[in-house]
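Peer 1: okay, structure incoming, though there's no sequence with it:
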């Protein structure tokens with residue numbers, strides 16, 4: 001038997017948010033049987049519509065594939081060590097960044 005997690009955000013709030021923040025347009029998405037089954041289960045667990053999960057996935061995919069028109073303006077810093085870039089692996093190894101979970 002499938003246990004459904006409690007709803008974390010009322011469905012009506014999600015629905016109202018999308019209708020007040022943006023105009024939605026209808027489209028068709030084709031999914032294979034397994035993805036559709038998993039989508040239905042995830043929506044039921046979260047207490048949201050299948051469309052909400054699809055919109056969230058589209059937003060994530062768009063952010064992951066975004067092409068910036070302008071380069072990100074990050075500050076440049078100097079380590080003062082002209083060999084720093086060539087020694088990056090050595091420096092990172094010496095920092096002992098291994099996880100405690102091992």
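Peer 2: Everything's here; your move. Every value quoted in this text rests on a predicted model; they were computed, and no experiment measured them.
Peer 1: where do the helices sit along this structure?
Peer 2: Secondary structure of the chain by DSSP state H: the helices cover 11-21, 33-46, 50-64, 88-94.
Peer 1: any idea how far the shortest one is from the chain center?
Peer 2: In other words, helix 88-94. Distance of helix 88-94 from the chain centroid (CA atoms, centre = their mean, to the nearest Å) equals 30 Å.
Peer 1: again with stretch 60-67
Peer 2: Distance, centroid of stretch 60-67 to centroid of chain: 9 Å (CA atoms, centre = their mean).
Peer 1: now do stretch 86-93
Peer 2: Per CA atoms, centre = their mean, the centroid offset for stretch 86-93 relative to its chain is 30 Å.
Peer 1: sorry, back to before: make JSON lines from the helices of the chain and add mean neighbour count, distance to residue 81 and mean pLDDT to it.
Peer 2: C-beta coordinates here come from the backbone N, C-alpha and C atoms, glycine included. Formatted as JSON lines, those follow (neighbours: other CB atoms under 10 Å; distance: least, CB to CB, whole Å; pLDDT from 0 to 100):
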{"stretch": "helix 11-21", "mean neighbour count": "11", "distance to residue 81": "49", "mean pLDDT": "58"}
{"stretch": "helix 33-46", "mean neighbour count": "13", "distance to residue 81": "49", "mean pLDDT": "97"}
{"stretch": "helix 50-64", "mean neighbour count": "13", "distance to residue 81": "34", "mean pLDDT": "94"}
{"stretch": "helix 88-94", "mean neighbour count": "10", "distance to residue 81": "9", "mean pLDDT": "88"}
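Peer 1: okay if I get the ones you listed as JSON lines plus distance to residue 79?
Peer 2: Below are the helices of the chain laid out as JSON lines (distance: least, CB to CB, whole Å):
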{"stretch": "helix 11-21", "distance to residue 79": "44"}
{"stretch": "helix 33-46", "distance to residue 79": "46"}
{"stretch": "helix 50-64", "distance to residue 79": "31"}
{"stretch": "helix 88-94", "distance to residue 79": "9"}
